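Enquirer: I'd like to go over a predicted model; first the sequence, then the structure.
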Amino acid sequence: MIELEPVLIGLINSQGDQRGQTIPRAASVKGRFTGTLPDATTGIGIITYNRPELLRECLDSVLKFTASERHIHLAVFDDCSDYNIHSVVQGRCPVKRSLSNQGVVYTKNRALYYFASTIKTKRIILLEDDMLVTSKSWLPTWEKACKIHGHINYSAPWFFSDELKGYFLGGEGSAINPHRFVIVTGQCTAVRRALIRNSVGYINPEFKGYGYGHVEWSDRLAALGHGGFIAPGKKAYYSIAEGLQPLSSESLKVAEQIEMNEKTFARLSQDPSQQFVGTPWLNRREKRLFLADL
């Protein structure tokens, strides 16, 4: 579930199974995360499924560099893993577990809803479980980029490879002057709450499982000038890499889901009525399951 989105429109990125070099395990962080809800202005959601060791490293790294920040509310969003996730989290932050395995779009939407409607933070940062925080500068940089641009994505190391260098359009990779690519990954993304509530809404729940959901959502944001731009013959997504590094991981993508979602993407891209997706569910049954434990 948690892996590189199909980053080329209509294509699957050949780098999807090459998530970067192996990184030494982060030191375990003791103690409970104690961000206070009334003061929380940034929500950080770790998206995970069935990868306990990666989750442990990701969570340890987030806590190492953000545990002293009182304006943060951290939570783990689990897509119904088949192991005891509490043995990894150990009470250090809330765990929001789906009732059944539904895929990355569903799990990210639960995180977006939790922070936008329940906790009501000003901004939301989503981290997939195979990302490692490497410096304290990551949080203020991502918050600043989110404040300036409304939406910001991750500059993956392989975006600068010889194979993909033609998709790089410029930029310094800073909060003020982010990288500009015509490709996008959802490994880390930040968005202002107001855009969820009023302008663009959620990742379209018509996408099921893995693939294309983050691309279509980023397109809707960029079309309104948030985190990129779309114009006739031109497209760019804004991204940064500050303080983050990907961990090596196995691909969990499902070809059938990608094929189905590619068709959904093509249809939605031609439908201007889908610019605002106000609810992350399609019917009452989905709503009931979605809201469990939120």
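Expert: Looks like it arrived, so ask away. Small disclaimer: the values here were computed from a predicted structure and weren't measured.
Enquirer: ok, now which ones touch K108?
Expert: Contact partners of K108, counting by C-beta atoms under 8 Å, 6 or more residues apart in numbering, are G45, I47, F77, L126, G186, I203, G213, H214. C-beta here means a position set from N, CA and C on the backbone, and glycine is covered the same way.
Enquirer: Confirm it sits in a strand?
Expert: No: remark: K108 does not belong to a strand; assigned using DSSP: H, G, I helix; E, B strand; the rest coil, it is helix.
Enquirer: start at 443 instead
Expert: Will do, 443 is the new start, and the previous item becomes K550.
Enquirer: Point out where the stretch 443-592 of the chain drops to low pLDDT.
Expert: Applying pLDDT under 70 to the stretch 443-592 of the chain picks out residues 443-481.
Enquirer: Isn't L736 up against F557?
Expert: No: using C-beta atoms under 8 Å, L736 makes no contact with F557, being 10.3 Å away.
Enquirer: Output the one helix or strand F507 maps to as PDB, restricted to C-alpha atoms.
Expert: F507 is part of helix 494-508, with elements assigned from DSSP states H and E. Taking C-alpha atoms only, helix 494-508 is exported to PDB below (Å, rounded to 0.1, in the frame of the first residue of the first chain):
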ATOM      1  CA  PRO A 494       6.300  -2.800  11.700                       C
ATOM      2  CA  GLU A 495      10.000  -2.200  11.400                       C
ATOM      3  CA  LEU A 496       9.600   0.700   9.000                       C
ATOM      4  CA  LEU A 497       6.900   2.200  11.200                       C
ATOM      5  CA  ARG A 498       9.200   1.900  14.200                       C
ATOM      6  CA  GLU A 499      12.000   3.700  12.400                       C
ATOM      7  CA  CYS A 500       9.700   6.400  11.000                       C
ATOM      8  CA  LEU A 501       8.000   7.000  14.300                       C
ATOM      9  CA  ASP A 502      11.200   7.100  16.300                       C
ATOM     10  CA  SER A 503      12.700   9.600  13.900                       C
ATOM     11  CA  VAL A 504       9.600  11.900  14.000                       C
ATOM     12  CA  LEU A 505       9.600  11.800  17.800                       C
ATOM     13  CA  LYS A 506      13.300  12.500  18.000                       C
ATOM     14  CA  PHE A 507      13.000  15.700  16.100                       C
ATOM     15  CA  THR A 508       9.500  16.900  17.100                       C
END
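Enquirer: could you point out which element follows it?
Expert: Heading C-terminal from helix 494-508, the first helix or strand you meet, by DSSP H and E, is strand 514-520.
Enquirer: and that following strand with helix 494-508, angle?
Expert: 180 degrees (axes from the mean of the first three to the mean of the last three C-alpha atoms, to 10 degrees).
Enquirer: Show me what strand 514-520 is packed up against.
Expert: strand 484-490, helix 494-508, strand 537-539, helix 546-555 (3 or more C-beta pairs under 8 Å, 6 or more residues apart in numbering; DSSP states H and E).
Enquirer: got the residue ranges for the helices in this structure?
Expert: Using DSSP state H, the helices of the chain run over 494-508, 528-531, 546-555, 580-591, 635-636, 655-665, 697-710, 726-732.
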